[in-house]
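Student: With the sequence up front, the predicted model follows.
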Amino acid sequence: MRNLSRNRENPEKVSKLPLIILLFVLIAFLYLFISFLSSEHKTGVMSNAVSESTADAPGNAAGTGADTAETAEGPGPDAAESGPDAEEPSSEPLTFSFVDPATLESLSQSLSSSQEEPADPAVKEFKVYFLNVGQGDSSLIICDGHTMLIDGGPSSQSDTVYSFLETRSISHLDYIVATHPDEDHIGGLAGALNYATVGKALSSVLSDDSESYLNFIKYLDKQGVKPMVPAAGDVFSLGSATVTVLGPINPGNTDNNNSLVLRVVHGNSSFLFTGDAEAEEETDILKSGMEVRSTVLKAGHHGSSSSNGIDWLKAVSPAVVVISCGANNMYGHPATDVLESLKSLNTKVYRTDLQGFLKVSEEEDGSLLYRIQKNATIDVFAPVAAPANETGAPVNDQSGGGQNADDQSGGGQITNATTINRSTPSSEESYVLNTNTMKFHRPGCPSADKIKPKNKEYVTRSREDILQQGYSPCKNCNP
Ligand SMILES: [Zn+2]
Ligand SMILES: [Zn+2]
């Protein structure tokens with residue numbers, strides 16, 4: 001019996017052998033075919049990375065700059081688009097499951113060498129936010145997953161900037177820009193640097209003894225980023241947008257007139273960010289002959305009359321001017337004569353002091369859509385006398401008796417207010433948490449400044465919520 005059964009098994013094994021060999025040959029062939037596919041994929045990504053970093057390099061001379069950037073940047077998005085298309089969707093999961101770890105590692109390295117957080121080529125978008133940071137300036141540009149933050153308002157608004165980025169999950173900024181080392185522009189950059197990693201930092205100076213500048217450098221240091229001073233005429237790309245440095249033409253002027261002036265162009269739209277550049281720098285830029293014409297102009301120096309000269313406004317010829325300033329600020333910004341100039345030029349004006357933040361987004365047909373936080377119908381040219389504070393408390397009574405600033409956006413004045421959706425219940429406040437000692441502070445508290453970054457957290461929550469989480473109030477600032 002035993003002998004018989006053995007004899008029966010042997011012929012079976014022999015007959016299966018060719019089948020197994022055939023299977024092996026098939027698997028080997030499949031493996032070769034797949035690794036061929038994956039090597040193609042790898043080359044595609046690498047060439048894309050190279051074209052991106054070329055376009056990123058600043059230093060093009062004025063005049064030729066803009067053209068160079070457009071050509072250098074051209075292959076970037078195209079390659080990114082053709083990448084996924086060229087590959088059959090069904091082969092993609094196979095490609096990655098069979099690629100050896102070394103290939104995957106070099107692939108991720110080639111990506112990370114050009115951009116810390118690769119842009120998703122599928123996300124084609126262009127958006128510009130003018131944040132409401134009280135008496136200060138802060139703008140955020142998003143293009144195809146790439147981001148640039150220009151200024152961060154005063155340090156009291158660090159948490160505004162922090163939560164603005166947090167809400168939108170912007171954990172990496174390709175560029176952070178300090179137009180000039182004044183506190184109302186760079187104080188709040190600390191909030192951004194506490195939340196997001198930074199690729200490149202642009203500054204108008206490499207040293208300044210102001211506390212806010214030293215703070216800015218301190219937070220950059222923690223990320224191992226050194227600031228660079230770009231020169232007028234430098235061009236770089238932000239996704240499919242092109243950024244040109246227009247000023248300062250004569251570095252070394254006083255603070256405001258040494259502001260970095262940037263012009264961002266995307267499709268048919270252009271944005272001009274001027275920091276606090278005053279008449280002197282405006283004149284220098286006009287003399288340089290560089291293109292200043294822009295769809296949207298951020299008014300210089302919070303709408304002050306020392307900036308925004310009529311020649312400048314006529315040359316820029318903006319359809320829209322954004323004035324970023326604090327409600328009832330002590331400087332009288334914006335100046336009445338600037339408002340009059342803008343009115344006479346038939347310019348549409350948005351004001352952060354009256355209308356909160358502004359979001360400008362490019363629609364599919366290339367047109368720009370403007371969304372404000374509140375007070376769509378307010379007369380931006382009329383002086384507003386109602387008392388208010390810089391954090392966005394009620395600025396006028398017409399818009400709904402003493403409601404919280406954010407609630408006003410739901411008051412039916414703005415049809416598309418829901419797209420902005422930044423409503424915060426009135427009981428919520430901004431606090432700084434020390435996750436180590438479990439103390440919480442008001443944003444301006446000196447003790448909060450001493451919290452180690454790894455233990456520091458900015459939140460906008462109700463006091464009750466924070467107490468419930470086990471935090472106790474700081475005895476200095478009594479939040
Ligand atoms: Zn300023
Ligand atoms: Zn300034």
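Tutor: Now that the structure is in, tell me what you want to look at. Ligands and ions are numbered 1, 2, ... in the order given.

Student: any idea which element the closest residue to ligand 1 within the stretch 201-350 of the chain lies in?
Tutor: Per Cβ to the ion, residue 276 is where the stretch 201-350 of the chain lies closest to ligand 1, at 4.3 Å. To be clear about C-beta, it is placed using only N, CA and C from the backbone, and glycine gets the same treatment. Residue 276 belongs to no helix or strand when assigned by DSSP states H and E.

Student: Was I right to think it contacts residue 180?
Tutor: Yes - using Cβ atoms under 8 Å, residue 276 makes contact with residue 180 at a distance of 6.1 Å.

Student: between these two, who's got more neighbours?
Tutor: Legend: neighbour count by other Cβ atoms under 10 Å for residue 276 and residue 180, higher for residue 180 (26 against 23).

Student: That one touches residue 254, doesn't it?
Tutor: No - if you go by Cβ under 8 Å, residue 180 and residue 254 don't touch, sitting 9.5 Å apart.

Student: Need the overlap of contacts for residue 276 and residue 180.
Tutor: Any residue near both residue 276 and residue 180 by Cβ atoms under 8 Å, 6 or more residues apart in numbering counts here, and that gives 255-256, 259.

Student: ok, and the most crowded of the residues you listed?
Tutor: residue 259 (28 neighbours).

Student: wait, what's in contact with the residue lying closest to it once chain neighbours are set aside?
Tutor: Nearest residue to residue 259, sequence neighbours excluded (Cβ to Cβ, 6 or more residues apart in numbering): residue 275, at 3.0 Å. Residues counted as contacts of residue 275 (Cβ under 8 Å, 6+ apart) are 137, 151, 179-180, 185, 204, 256, 259-261, 300-301.

Student: Show me what from the stretch 51-200 of the chain comes close to ligand 2.
Tutor: residue 182 (Cβ under 5 Å from the ion).

Student: 8 Å - rerun?
Tutor: Within reach of ligand 2 by Cβ under 8 Å from the ion, the stretch 51-200 of the chain has these residues: 180, 182, 184-185.

Student: wait, which of those residues is closest to ligand 1?
Tutor: Proximity of these to ligand 1 was ranked by Cβ to the ion; the top entry is residue 184 with 4.3 Å.

Student: still on that earlier bit, can you tell me which of the shared contacts of residue 276 and residue 180 are up against ligand 2?
Tutor: Okay, of these touching ligand 2 (Cβ under 8 Å from the ion), that's 255-256, 259.

Student: now, which of the residues you listed sits nearest ligand 2?
Tutor: The closest of these to ligand 2 turns out to be residue 256 (Cβ to the ion; 4.5 Å).

Student: My read is that that closest one contacts residue 274, right?
Tutor: No - assessed by Cβ under 8 Å, residue 256 is found out of contact with residue 274, at 9.9 Å.

Student: For the two, list the residues in contact with both.
Tutor: In contact with both residue 256 and residue 274: residue 301, using Cβ under 8 Å, 6+ apart.

Student: Could you list the low-confidence segments of the stretch 201-350 of the chain?
Tutor: By pLDDT under 70, the stretch 201-350 of the chain contains no weakly predicted segment.

Student: which bits of it sit near ligand 1?
Tutor: Taking Cβ under 8 Å from the ion as the criterion, the stretch 201-350 of the chain approaches ligand 1 at residues 256, 275-276, 301-302.

Student: can you do 6 Å?
Tutor: 276, 301-302 (Cβ under 6 Å from the ion).

Student: Including distance to ligand 2, could these go into a markdown table?
Tutor: Putting these into a markdown table (distance: Cβ to the ion, whole Å) gives the following:
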| residue | distance to ligand 2 |
| --- | --- |
| 276 | 3 |
| 301 | 7 |
| 302 | 9 |
